[in-house]
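In: Provide a 3D model corresponding to the input given below.
(chains A and B)
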2 protein chains.
Amino acid sequence: MTGTEPTADETPTTRSIPAVAVVDAQTPGNVGTIARAMKNFGFEELLLVDPPELDPDGEAYGFAGHAREDVLPNAQEISFDELVSSYHTIGCTAVTNEGDHNHVRFPFSTPRDLAQRLPTVDADTAIVFGREGVGLTNDELARIDEICSIPASADYPVLNLGQAATITLYELREMTLSPAGTQLPDLERVRASQPLLERLYDQWDELLVEINHPEEKREKTARMIRRVFGRADPTTREVNTFLGVLRRATERPDQEE
Amino acid sequence: MTGTEPTADETPTTRSIPAVAVVDAQTPGNVGTIARAMKNFGFEELLLVDPPELDPDGEAYGFAGHAREDVLPNAQEISFDELVSSYHTIGCTAVTNEGDHNHVRFPFSTPRDLAQRLPTVDADTAIVFGREGVGLTNDELARIDEICSIPASADYPVLNLGQAATITLYELREMTLSPAGTQLPDLERVRASQPLLERLYDQWDELLVEINHPEEKREKTARMIRRVFGRADPTTREVNTFLGVLRRATERPDQEE
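Out: The predicted structure follows:
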């Protein structure tokens, strides 16, 4: 029996949320930016290898937003040796090898690949980012378990450290935030009911008649109207507003004596 | 005939790349960060409404990376009126309405929704980001054509301006970068040929015999080995390295007299 099969007496382990490790960051502001992205996407454990000084009145805390309350003060300093021996490490780099002639930077995964695979793995994982400018060195990458690279412009694929971490954590957000765990409502839009939409199309038809839109064009125009509203997925409120406006344009109650 | 159907004499219109507009940014560094993300993901047209002063020796240029050479110096100052009248505008906000009781912040799309829809539309579009802190105001959003929101933690969904723009442009990269236009090779990995993999499994079998691995366990162990290497998609070079090591472990040429 393996450790991942809980017996009746054991509670199943919670799915583990990856740690985020930053190696030899030069700029406190970038550490703060990474802490903020962690909090924005539900990550908690920040590991710092050879960090710059993080002054509570300085840039790290200034850039951290609400992460100044937890992620940043709870960050742990760790050695690179300890990092690679305690965690399954995934090193992020803008520069991969082109093929399998060299193991250091190939094969690689994209953040979206990781977002699909990692949630199915229960293990201590750390996403590792390198210093500004040169990123993780070949010597460091050689000791790291796997490689991740963000697809970007061939002309200029090198992202700023904070921006690279932000994108990677954004892609991995489904490991930390349940579907109901984002700020967004479950539905992005709520289309009005079809009977209400049909009333809208009828009202447009009435308007076309009222304004003497050429009879031979009415069918085509009505179809175009249906296409436009069909694509827009209008809400009940939006359709009701249109209905009011069109009814008024058709009946012109303002012109009654 | 519509304007989108080119005749034999017309060249088809190039798909238009969205502009990026920043309204009332307070911090030059954020404008630089956005310019850098634009260059990383292939965007060119930066529009600034009420920008802070962008000193060539200051933070905007300091944060822009290589975008200091083109995106940032080519940025155009524009009024909000001109922006909304010249472009189809998509306003980014962390805060949406919950439903259709109010039009200002609902319905909305996510950046990934836009990435699917916008490439099919040929039109002048601008992705609009608001000032630090409060983002775009309700008055501004009311004049903007549609709303976009990045899914983030319900506890703290407010991203830093530069980070929000970075994620949005990352998601829209396929509008600007052809599949071959990223820095990454087309293939993320190249699995060794099956005959080579079978040689690897045979070599493991030989090792199990050589080291007197209990006979009754060999079949199970061999299956486990096949599963591990099967999931890892090893490259030709990786398999050859294993083959060399296993052959040496089996034959121990170093122990020969």
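In: At which residues are the helices of chain A located?
Out: A:28-40, A:59-63, A:80-86, A:111-117, A:138-142, A:161-171, A:194-210, A:215-232, A:236-251 (DSSP state H).
In: got CSV for the ones you listed, with distance to chain B and mean pLDDT too?
Out: The way it works is simple: take the backbone N, C-alpha and C, and place the C-beta from them, glycine included. Shown next, in CSV, are those (distance: least, CB to the nearest CB, whole Å; pLDDT from 0 to 100):
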stretch, distance to chain B, mean pLDDT
helix A:28-40, 5, 97
helix A:59-63, 7, 96
helix A:80-86, 19, 95
helix A:111-117, 7, 92
helix A:138-142, 14, 92
helix A:161-171, 4, 97
helix A:194-210, 12, 94
helix A:215-232, 9, 90
helix A:236-251, 5, 92
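In: okay, those in CSV with distance to B:Asn40 and mean neighbour count next?
Out: Shown next, in CSV, are these (distance: least, CB to CB, whole Å; neighbours: other CB atoms under 10 Å in any protein chain shown):
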stretch, distance to B:Asn40, mean neighbour count
helix A:28-40, 15, 27
helix A:59-63, 19, 21
helix A:80-86, 27, 15
helix A:111-117, 14, 16
helix A:138-142, 21, 15
helix A:161-171, 8, 26
helix A:194-210, 42, 15
helix A:215-232, 32, 12
helix A:236-251, 37, 15
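In: give the contact list for the closest residue to A:Val22 other than its chain neighbours.
Out: Spatial nearest neighbour of A:Val22, chain neighbours left out: A:Phe129 (5.2 Å); criterion: CB to CB, 6 or more residues apart in numbering or on different chains. By CB atoms under 8 Å, 6 or more residues apart in numbering or on different chains, the contact set of A:Phe129 is A:20-23, A:34, A:92, A:135-136, A:161, A:164-165, A:168.
In: repeat that for 7 Å
Out: A:22-23, A:92, A:161, A:164-165 (CB atoms under 7 Å, 6 or more residues apart in numbering or on different chains).
In: what's the spacing between it and chain B?
Out: Distance, A:Phe129 to chain B, by CB to the nearest CB, to the nearest Å: 14 Å.
In: Tell me, what's the model's pLDDT at that residue?
Out: Looking at A:Phe129, its pLDDT is 97.
In: ok, it to A:Ser85 distance?
Out: Separation of A:Phe129 from A:Ser85 (CB to CB, to the nearest Å): 19 Å.
In: Same check on A:Phe43?
Out: Note on A:Phe43: its distance to A:Ser85, by CB to CB, is 21 Å.
In: swap in A:Asn160?
Out: Distance, A:Asn160 to A:Ser85, using CB to CB: 29 Å.
In: swap in A:Asp186?
Out: Distance, A:Asp186 to A:Ser85, by CB to CB: 42 Å.
In: And the spatially most central residue of chain A, how close does it get to B:His88?
Out: In chain A, the centroid-proximal residue (CA atoms, centre = their mean) is A:Tyr170; its distance is 3.5 Å. Distance, A:Tyr170 to B:His88, using CB to CB: 25 Å.
In: Next: A:Thr250.
Out: For A:Thr250, the distance to B:His88 equals 29 Å [CB to CB].
In: Over to A:Glu256?
Out: For A:Glu256 relative to B:His88 (CB to CB), the value is 39 Å.
In: Looking at those two, which one has more neighbours?
Out: B:His88 (15 against 6; other CB atoms under 10 Å in any protein chain shown).
In: residues touching the nearest residue to that one once chain neighbours are set aside, list them.
Out: Closest residue to B:His88 in three dimensions, ignoring its sequence neighbours and counting by CB to CB, 6+ apart: B:Thr125, at 4.8 Å. By CB under 7 Å, 6+ apart, the residues touching B:Thr125 are B:18, B:87-88, B:90, B:118.
In: Might you quantify the distance of stretch A:53-68 from its chain's geometric centre?
Out: 23 Å (CA atoms, centre = their mean, to the nearest Å).
In: again but with stretch A:127-137, I slipped
Out: Distance, stretch centre to chain centre, for stretch A:127-137: 22 Å (CA atoms, centre = their mean).
In: Give the buried residues for it.
Out: Across stretch A:127-137, burial judged by 16 or more other CB atoms under 10 Å in any protein chain shown covers A:127-131, A:135-136.
In: of all the residues you listed, which comes closest to A:Thr221?
Out: Lowest distance from A:Thr221 to those (CB to CB) belongs to A:Ile127, with 55.1 Å.
In: I'd say the closest one and A:Thr166 touch.
Out: No. Taking CB atoms under 7 Å as the definition, A:Ile127 is not a contact partner of A:Thr166, at 12.0 Å.
In: can you map out the strands along the stretch 1-150 of chain A?
Out: Assigned by DSSP state E, counting those that start in this stretch, the strands in the stretch 1-150 of chain A fall at A:19-23, A:46-49, A:76-77, A:88-92, A:125-129, A:146-148.
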